[in-house]
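>>> attaching a predicted model along with its sequence, questions to come.
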Amino acid sequence: MAEISFLENQVCFAMYSATNAMIRQYRPLLQAYDLTYPQFIVLLALYEKDNVSISEIGQKTLFDSGTLTPIIKKLEEKAFLKRIAVKEDERMKKVVLLDKAVSKKDEIISIPFKLACSLGVDPNDLVAIHNLSHRFLKSLETAKSECLSN
């Protein structure tokens with residue numbers, strides 16, 4: 001009788017393992033900029049739209065505030081960005097990129113392309129994985145909202 005692998009048959013474990021392996025591939029490319037992968041994600045979001053609230057960054061990156069706040073603080077310490085109080089509401093903060101981040105933008109946004117070239121994976125497969133991942137995420141979000149409304 002064939003042995004059943006409970007762990008290897010789990011979709012969540014396959015996705016978790018693949019994600020961890022991908023992030024490990026990013027590490028050497030990000031080290032040149034003294035960035036972690038979550039810090040890199042925040043910078044990419046800010047390169048798309050700068051001078052936004054912390055909650056807007058959270059919506060874009062899907063990081064909760066408990067995760068996002070330390071990332072932003074660390075990026076501020078590294079002089080990539082600055083938090084500024086909103087005049088209308090001093091409790092609210094906006095995040096703006098500093099010269100260091102702006103001057104390195106072209107290099108930093110090219111990191112995923114450098115990584116893709118080094119993976120040895122067919123570009124069409126990467127596109128398919130990307131599209132399927134987004135569809136899966138949307139399905140999970142829909143399922144969650146449907147369960148909450150019942």
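Sure thing, it's come through.
>>> ok, and what's touching the host helix or strand of Ala101?
For Ala101, the host element (DSSP states H and E) is helix 99-103. Helix 99-103 has contacts (C-beta atoms under 8 Å, 6 or more residues apart in numbering) with Leu43, Leu46, Tyr47, Lys78, Ala79, Phe80, Leu81, Ile108. Heads up, the C-betas are built off the backbone N, CA and C, glycines and all.
>>> go on, stretch 6-26?
Tyr37, Phe40, Ile111, Leu115, Ser118, Leu119.
>>> with stretch 45-64 instead?
With C-beta under 8 Å, 6+ apart as the test, stretch 45-64 has contacts from 38, 41-42, 65, 68-69, 71-72, 81, 83, 86, 92-97, 101, 105, 108-109.
>>> now with 6 Å, please.
The set of residues external to stretch 45-64 that reach it, using C-beta atoms under 6 Å, 6 or more residues apart in numbering, is Ile41, Leu68, Lys93, Lys94, Val96, Leu97, Lys105, Ile109.
>>> flag the least confident of these.
Note: of the contacts of stretch 45-64, the lowest pLDDT belongs to Lys93, at 87.
>>> for Ser103, grab the count of nearby residues.
A total of 11 residues lie near Ser103 under the criterion other C-beta atoms under 10 Å.
>>> show me how this structure divides into domains.
For the chain, automatic domain parsing gives the domain ranges 19-119, 121-150.
>>> alright, that wraps it up for me.
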